[in-house]
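Engineer: the following block contains a protein sequence and its predicted model.
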Amino acid sequence: MYKRKIYLEDKPRFEARDEILAAFEVTPEKELIPTVDALGRVTAEPIFAPFSTPHYHASAMDGVAVVAESTYTAHEQNPLHLKLGVQFVHVDTGNAIPSPFNAVIMIEHVQVLDDDTIEIIEPATPWQHIRPIGEDIVQEEMLFPQGHVLRPADLGVLIASGLLSVAVVKKPVVAVIPTGNELVEPGQEMAPGKIVEFNGTVFANFIKEWGGEPRLHRIVKDEPEKIKEALLEASETSDFIVINAGSSAGRKDYTVHIIQELGTVYTHGVAARPGKPVILGKINGTVVIGVPGYPVSAYLALEWFARPLVCKYLGVPEPERQKVTVKLGRRIVSSMGAEDFVRMNIGFVNGQFVANPLTRAAGVTMSYVRADGLLVVPPDVIGYEQGELAEVELLRPLEEIRNAIMFTGSHDLTIDLLSSALKQVRTEMKIVSSHVGSMAGIMAIRKGEAHVAGIHLLDPETKQYNISYVRRLLAGQEVVLYPFLKRKQGWILPAGNPLEIRDVRDLVEKGANFVNRQKGAGTRILFDMLLEEAGLEPEGIAGYDREMFSHLAVAAEVKSDACGAGLGIYPAAKAMGLEFVPVSDEEYDLVMTRSFYESEQFKLLAEIIHSPAFKAQVEKIGGYQVVENAEPKRLAEEVK
Ligand SMILES: Nc1nc2c(c(=O)[nH]1)N[C@H]1C(S)=C(S)[C@@H](COP(=O)(O)OP(=O)(O)OC[C@H]3O[C@@H](n4cnc5c(N)ncnc54)[C@H](O)[C@@H]3O)O[C@H]1N2
Ligand code: MOO
C-alpha cells in the first residue's frame with residue numbers, strides 16, 4: 001500500500017524543464033527514407049550535391065543559338081543574314097546548346113526570311129540567354145546542413161540532384177499511457193461515471209505535430225502492478241514516456257510512488273496553473289513525464305515538457321509562438337508565486353487587439369479549442385486591471401484574429417447561425433462571441449472592446465426596448481442601434497399546461513411555482529412589468545427569489561416540476577419539450593460604433609441578415625422574426 005502523497009512542490013517551470021532536458025540523454029538514430037516522403041523531417045547529416053544543375057549548357061529562351069562573335073556587325077542600318085545549320089540552329093527553352101554556339105537570341109528578335117535564313121539587327125553577347133552548367137547547383141556544394149527541416153522546395157532540390165533517398169533523424173518514439181479506472185476506450189459504452197479516453201489521442205497528435213512518433217497504449221487501470229508493468233515495458237521500447245492522470249494527491253494517484261520505486265523523481269509539482277501536478281522522472285534510463293488528468297492542464301504540461309524533449313532529440317530549436325500586445329477587456333486575477341496560463345479570445349477593434357479571458361476551469365476542453373491565445377501571467381504578477389495592456393501568445397494565425405468580428409452582450413442562438421452563414425460566404429471571416437449580458441455588452445461598445453453587442457432591454461417606463469438604454473449609456477458617442485430580431489417571450493410550462501396558465505394572475509390563482517431570472521436580465525424586467533401592470537406584488541409569487549441565469553436553466557427547472565412555470569424564449573421551451581404560451585415580442589437589436597456600422601464587415605453581415613436563406617433558417621427555429629425595413633438609429637447625430 002502506498003501512502004497518499006499530500007504535498008506537491010512549486011518548482012519554477014523552467015528549472016524543472018532544464019533538469020528533465022539534462023536527464024534526457026539522447027543518441028538520435030538515423031534512417032534512410034525516400035525523399036518523396038521526407039517532408040518535415042530533419043536531415044541527419046550535411047547533404048552535398050553529387051552533380052551540377054543544369055549539368056549541360058541549356059537554352060534559357062525559345063530562339064536561335066548563334067556564335068556571339070559572328071554577330072558583332074549586326075545593326076539596324078546593317079542587317080545580318082545567318083544560315084541555318086551553319087551560322088545558327090533553332091533551340092527551345094531547356095535544350096542543350098550544341099557546339100560551337102555560345103549565345104541565344106530570342107525568337108521575337110529574329111526576322112525569319114525563309115526556311116533557312118534569318119535576319120538580325122543587333123549583336124548577341126557571349127552566353128546571353130544560356131543557363132551555364134551549375135547555374136543552380138554546383139557539384140559538391142552543400143545543399144543542406146545537418147538539422148535542417150525539409151520543406152517542399154527542398155525535396156525538389158534533392159530529387160533534381162538525383163538524391164532519391166535522404167538520411168534523416170529517426171523520429172523519437174514516445175509512449176503515451178492513459179491511466180484511470182473511470183476511462184473507457186473511444187466507442188465503448190459510457191455508463192454514468194465513465195469517461196471516454198481522449199487525452200491519449202490529443203497527446204499522440206501533438207507529438208506527431210512536433211515531429212515525434214507516438215505509441216498510444218491501451219488504458220491502464222489504477223493498479224500499481226499494472227502501471228508498473230506498462231511503464232517498464234515502455235521504458236524498453238520508447239525514447240521517453242508520457243503517462244496521463246494519477247499525478248495529483250488522490251487516493252489512487254500511484255504514479256509518483258511507482259516512478260520513485262523504479263527510478264528517480266526529479267519534480268512533482270511546478271509553479272504553473274493549470275498543469276501544476278506534473279511529475280518528471282526517469283526509470284531504466286528512460287525519461288517519464290506524468291501529466292495531470294484534466295485535459296487543459298495536460299495539454300499545457302505536455303507542451304512544457306514533452307515538446308522540448310522531442311526538439312532536443314531531433315536537434316532543432318523549439319519554435320516560439322507569435323506574440324501580440326492586447327488591451328484586456330476584463331480584470332485578470334492571478335496567484336502570487338505561480339505562473340497562470342489564461343486562455344483568451346482576441347479581436348481587432350478600432351485598430352487595437354482586445355482580449356477577454358475564457359473560463360479557467362482545467363476540465364473545459366472547449367476553452368482551449370476556442371482560445372485565440374494564452375496570456376501567461378508571470379509568478380510575481382498578481383494580475384492585471386481591465387484596460388491594461390499585456391502580451392499574449394497566439395494559438396491561431398494573426399490574420400484569422402484580425403478578420404474576426406467581436407460579438408458581445410446577450411447571446412442568442414441566431415448569432416451562431418449568422419457566424420456560420422458568414423463563414424460560408426467569406427471563409428476568412430468569423431464571429432467570436434463572448435456572453436456578458438445586455439448591459440455589459442453596451443459598456444463593452446462604449447469602451448471599444450467589441451465590434452457589436454446584442455441587447456434586449458425593456459424600459460418599464462416607456463415600454464420600449466433598447467433605445468433609452470443606448471441613449472443614456474452611450475450618450476454623445478457615435479453609435480448605431482440596428483434593429484435585428486423580434487423574439488417571442490412567453491410562459492414556459494410543463495407539457496400540456498396542466499395548471500392552464502394564461503397570464504400572470506394565473507400564477508397566483510392556480511398556485512404555480514415560478515422560476516425567475518437574475519436581476520438585470522431582460523426577461524426579469526419584463527416579468528416585473530407584468531406584475532406591476534396586473535397590480536401584483538413580488539411577495540405574492542411563489543418562487544420569485546429562485547433565480548436562474550439562462551432561458552435553458554429556467555426550462556430545465558420547469559421540466560422537473562409539474563406545477564412549475566417560467567418566463568423565457570420559445571426555443572428553450574421547445575428544446576425541453578415544454579408548453580409555450582406567448583406573452584410579448586421582445587426586440588433583440590444590435591448596437592455598434594458608427595465606424596463598424598459603415599465597415600465592409602458589417603455591410604456583409606447586414607446582407608446576410610436580410611438574405612432569404614438566413615431569414616428562413618431563423619424562422620425555422622420558431623418564435624423568431626428578422627426585422628425588415630426598420631431604419632437603424634444613429635445616436636450621436638440625434639444628440640447634435
Ligand atoms: N487534494 C488535491 N486534489 C487535487 C490537486 C491537489 O493539488 N490537491 N490538484 C488538482 C489538479 S490542479 C489537477 S490538474 C488534478 C490532476 O489530477 P490527476 O492527474 O490525478 O488526474 P485524475 O484525477 O486521474 O483525472 C482528473 C480528470 O481528468 C480527466 N481525464 C483523466 N484522464 C483522461 C483521459 N485519458 N482522457 C480524457 N480525460 C481524462 C477525467 O475527467 C478525470 O476526472 O487533480 C486535482 N486535484
Ligand atoms: O493546475 Mo490543475 O493542473 O488546474 O488543473
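Structural biologist: Done, it's in. The shown structure was predicted, so the numbers you read here are calculated from the model rather than taken from an experiment. Ligands and ions are numbered 1, 2, ... in the order given.

Engineer: three-state assignment of Ile442?
Structural biologist: Secondary structure state of Ile442, per DSSP: H, G, I helix; E, B strand; the rest coil, is helix.

Engineer: I'd say it and Ala475 touch.
Structural biologist: No: assessed by Cβ atoms under 8 Å, Ile442 is found out of contact with Ala475, at 11.3 Å. Yep, even glycine has a C-beta here, placed from its N, CA and C like the rest.

Engineer: which one of these two is surrounded by more residues?
Structural biologist: A count of neighbours by other Cβ atoms under 10 Å puts Ile442 above the other of Ile442 and Ala475, at 24 against 12.

Engineer: residues contacting the more buried one?
Structural biologist: 409, 453, 455, 469-470, 473-474, 591 (Cβ atoms under 8 Å, 6 or more residues apart in numbering).

Engineer: for those, point out the one with the lowest pLDDT.
Structural biologist: Lowest in pLDDT among the contacts of Ile442 is Gly409, which has 89.

Engineer: so what's that one bridging to?
Structural biologist: In this entry, Gly409 is beta-bridged to Gly454, by DSSP bridges.

Engineer: contact partners for it?
Structural biologist: Going by Cβ under 8 Å, 6+ apart, Gly409 touches 435-438, 440-442, 444, 450, 452-455, 591.

Engineer: adding distance to Pro498, write those residues out as JSON lines.
Structural biologist: Formatted as JSON lines, the contacts of Gly409 follow (distance: Cβ to Cβ, whole Å):
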{"residue": "His435", "distance to Pro498": "33"}
{"residue": "Val436", "distance to Pro498": "37"}
{"residue": "Gly437", "distance to Pro498": "33"}
{"residue": "Ser438", "distance to Pro498": "33"}
{"residue": "Ala440", "distance to Pro498": "38"}
{"residue": "Gly441", "distance to Pro498": "37"}
{"residue": "Ile442", "distance to Pro498": "40"}
{"residue": "Ala444", "distance to Pro498": "42"}
{"residue": "Ala450", "distance to Pro498": "43"}
{"residue": "Val452", "distance to Pro498": "42"}
{"residue": "Ala453", "distance to Pro498": "39"}
{"residue": "Gly454", "distance to Pro498": "34"}
{"residue": "Ile455", "distance to Pro498": "35"}
{"residue": "Val591", "distance to Pro498": "41"}
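
Engineer: pLDDT below threshold where in the stretch 451-600 of the chain?
Structural biologist: Judged by pLDDT under 70, the stretch 451-600 of the chain has no weakly predicted residues.

Engineer: quick one: the helices in it?
Structural biologist: 467-473, 504-509, 522-533, 551-559, 570-575, 594-597, 600-609 (DSSP state H, counting those that start in this stretch).

Engineer: tell me which of these approaches ligand 2 most closely.
Structural biologist: Ligand 2 lies closest, by Cβ to the nearest ligand atom, to one member of the helices of the stretch 451-600 of the chain: helix 551-559, at 26.0 Å.

Engineer: scan the contacts of Ile442 and report the most crowded one.
Structural biologist: Neighbour max across the contacts of Ile442 (other Cβ under 10 Å) = Val591, 32 neighbours.

Engineer: am I right that that one is in contact with Ser438?
Structural biologist: No: with contacts counted by Cβ under 8 Å, Val591 stays clear of Ser438, the gap being 9.2 Å.

Engineer: strands of the stretch 351-500 of the chain, residue ranges please.
Structural biologist: In the stretch 351-500 of the chain, the strands defined using DSSP state E, counting those that start in this stretch lie at 352-357, 373-377, 383-384, 389-394, 404-409, 430-433, 452-455, 479-493.

Engineer: now the angle between helix 600-609 and the longest one, please.
Structural biologist: Using axes from the mean of the first three to the mean of the last three Cα atoms, to 10 degrees, the direction of strand 479-493 lies 40 degrees away from that of helix 600-609.

Engineer: buried ones in strand 479-493?
Structural biologist: By neighbour count on 16 or more other Cβ atoms under 10 Å, the buried set for strand 479-493 is 479-493.

Engineer: among these, which one lies nearest to ligand 2?
Structural biologist: Nearest to ligand 2 among those, with distances taken as Cβ to the nearest ligand atom, is Ile492, at 36.6 Å.

Engineer: could you check how far that closest one is from Arg331?
Structural biologist: Ile492 sits 35 Å away from Arg331, going by Cβ to Cβ, to the nearest Å.

Engineer: so which residues of the stretch 101-250 of the chain form strands?
Structural biologist: With DSSP E, counting those that start in this stretch as the criterion, the stretch 101-250 of the chain has strands at 103-106, 111-114, 117-120, 130-131, 142-144, 165-169, 173-178, 183-184, 195-196, 213-216, 240-244.
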